[in-house]
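K.L.:
Fold the following.
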Amino acid sequence: MMTRRNTRGMTLIEMLVALVVFSIVMSVALGFLRAQSRGFTRGTEEMDVLQNVSYASTTLSQQIRTAGADVPDNQPTIVYAGADVLAFNADYATNVANDPFAVYYDPDAPTGAVTAMQKAQAEPIPLTAFNYPAVDYAQGPSNSPAELIVFYFEPDSSTARTDDYVLMRQVNAQPAQEIAHNLLQTGGAPFFRYYRRVTTPAGVASVDTMPTAALPLSHSVPVHLSPADTGVAARIDSIVGVVVTLTATNGRTGSAERTRNVQTMVDIPNALMATRKTCGDPPIFASALSAVSDTLAGGAPVIDLTWSAAVDETGGEKDVVRYVMYRRKTSESTWGDPYLSIPAGNSSYAYSDAAVLPDTSYIYAVAAQDCTPSLSALSVSTTVTAP
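P.N.:
I've put the predicted structure just below:
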């Protein structure tokens, strides 16, 4: 005889209790997930703000520090110093692979961004009415290699806020580029403040803050170190450091806003480094420059250059420290940046230029340079065509 098993389902009350328990568990789990999501979003926003302010501060620090690098004596280091605009000269970038003097090599840098602006290109510095340059600056036979770099904080018209700024960078008359956005003033403090070198009547030099009321300053005398570049006009030449103060935000307001503050002191090591003429007159260089086309073993074209030591290397003032080489195509009218620097110390010199294009004509020039540094007159080769 078979026995029926007594099977029993859940009662309605049990089902309701189970649903309540399940709902409580799900509510707790969803709350935890929402909290995790909010924390992740907050962390992401704070990281974005930190990266933004860090990039802006690092860019300013790296580039301001190069102010005055390879700037000729008559060209100012600091051109304009304001609360939201800073303009300075520096041989920051070159597109010539062998340029021995520029801070960085950028093969993609446009020609108009690797040498000084000329008087014919003068235009107002952004956010100011100060026109620059008023004269042409040269180094040896070519235009000065030091370009004008301008950083400025421009009100951001693309947002609904009225207190945020965009950090812009402009080189010479090239189009300005955005460096960072969603930037604010920190408690009303200016973006740029300055330190200057002062000398007491007793001749003791020290560093002090530049009064905010004295800003903006501009290099109103076109020729640096000229007789007119003294007194009040030379106040801008006393700047030796820049304090950068800014706040980055995520662009939101109220409790949703995330901010990070940064303040950085940037030294300008090239400030006040006026050239002291201790090497006498410019070098005497009377050697002819020979340029001969040749072919390497693999068939690649090369141009062999030779010249003899300058008169002032082994005799005379004996102050020649290097030879500076220039190269241009015959289709070009100016020398541009130096192509190469070769240390002195030999009775004769030879250099093989393998960075030439086949069937292309070139002209070379070499100048002796002393420790001032001053350049001799150029020794120019005849036109030579690479095979």
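K.L.:
which residues of the stretch 201-350 of the chain score low on pLDDT?
P.N.:
273-278 (pLDDT under 70).
K.L.:
please redo it, this time with the cut-off set to 80
P.N.:
Applying pLDDT under 80 to the stretch 201-350 of the chain flags residues 201-203, 253, 255-256, 272-280.
K.L.:
Can you show me the helices along it?
P.N.:
311-314 (DSSP state H, counting those that start in this stretch).
K.L.:
got a list of what Y195 touches?
P.N.:
207-210, 239-243, 265 (Cβ atoms under 8 Å, 6 or more residues apart in numbering). For the C-beta atoms, the positions are set from N, CA and C on the backbone; glycine is no exception.
K.L.:
any idea which residue sits dead centre in the protein?
P.N.:
Q63 (3.8 Å; Cα atoms, centre = their mean).
K.L.:
Show me how to select, in PyMOL, the buried members of the contacts of Y195.
P.N.:
Of the contacts of Y195, the buried ones go into a single PyMOL selection, burial set by 16 or more other Cβ atoms under 10 Å:
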select buried, resi 210+239+240+241+242+243
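K.L.:
still on that earlier bit, helix, strand or coil for the residue nearest to the centre of the chain?
P.N.:
Three-state call for Q63 (DSSP: H, G, I helix; E, B strand; the rest coil): helix.
K.L.:
Quickly note the distance from it to A69.
P.N.:
For Q63, the distance to A69 (Cβ to Cβ, to the nearest Å) stands at 10 Å.
K.L.:
Show me the common contact partners of those two, please.
P.N.:
90, 92.
K.L.:
Which residues are in contact with the residue nearest to the centre of the chain?
P.N.:
90, 92, 149, 151, 169.
K.L.:
circling back: present the contacts of Y195 as a markdown table; the columns should include distance to G336.
P.N.:
Output for these, formatted as a markdown table (distance: Cβ to Cβ, whole Å):
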| residue | distance to G336 |
| --- | --- |
| V207 | 38 |
| D208 | 41 |
| T209 | 40 |
| M210 | 36 |
| I239 | 30 |
| V240 | 31 |
| G241 | 33 |
| V242 | 30 |
| V243 | 36 |
| M265 | 36 |
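K.L.:
related to what we said a few turns ago, narrow the contacts of Q63 to those in strands?
P.N.:
Among the contacts of Q63, the ones falling in strands (DSSP state E) are 90, 149, 151, 169.
K.L.:
right, and out of these, which lies closest to D229?
P.N.:
Distances from D229 to the ones in strands among the contacts of Q63, taken as Cβ to Cβ, are shortest for A90 (19.1 Å).
K.L.:
between the ones in strands among the contacts of Q63, which is nearest S226?
P.N.:
Of all the ones in strands among the contacts of Q63, S226 sits closest to A90, with 20.7 Å by Cβ to Cβ.
K.L.:
Distance check, the closest one against Q170.
P.N.:
For A90, the distance to Q170 - Cβ to Cβ - is 14 Å.
K.L.:
what's the answer for V356, then?
P.N.:
34 Å.
K.L.:
what does P373 give?
P.N.:
In this view, P373 and Q170 are 29 Å apart by Cβ to Cβ.
K.L.:
Kindly report the same for A310.
P.N.:
Distance from A310 to Q170, by Cβ to Cβ: 40 Å.
K.L.:
neighbour-wise, which of the two wins?
P.N.:
Relative neighbour count places A310 above the other of A310 and Q170, with 25 against 18, counting by other Cβ atoms under 10 Å.
K.L.:
in terms of contact, does that one touch A286 like I think?
P.N.:
Yes. Between A310 and A286 there is a contact under Cβ atoms under 8 Å: 7.5 Å.
K.L.:
Could I get the contacting residues of S61?
P.N.:
So S61 contacts 244, 264, 266 (Cβ under 8 Å, 6+ apart).
K.L.:
of the residues you listed, buried ones?
P.N.:
244, 266.
K.L.:
Kindly reformat the contacts of S61 as CSV containing distance to M117.
P.N.:
Shown next, in CSV, are the contacts of S61 (distance: Cβ to Cβ, whole Å):
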residue, distance to M117
V244, 25
T264, 28
V266, 23
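K.L.:
Between A90 and Q170, which contacts overlap?
P.N.:
I149.
K.L.:
Chain neighbours aside, what residue packs nearest to M210?
P.N.:
Nearest residue to M210 in three dimensions, chain neighbours excluded: Y194, at 4.0 Å (Cβ to Cβ, 6 or more residues apart in numbering).
K.L.:
What is the burial count for the one you found?
P.N.:
25.
K.L.:
Mind listing the strands the helix or strand harbouring it pairs with, and their directions?
P.N.:
Counting by DSSP states H and E, the element that carries Y194 is strand 192-199. Strand 192-199 has the following strand partners under DSSP bridges: strand 205-209 (antiparallel), strand 239-249 (antiparallel).
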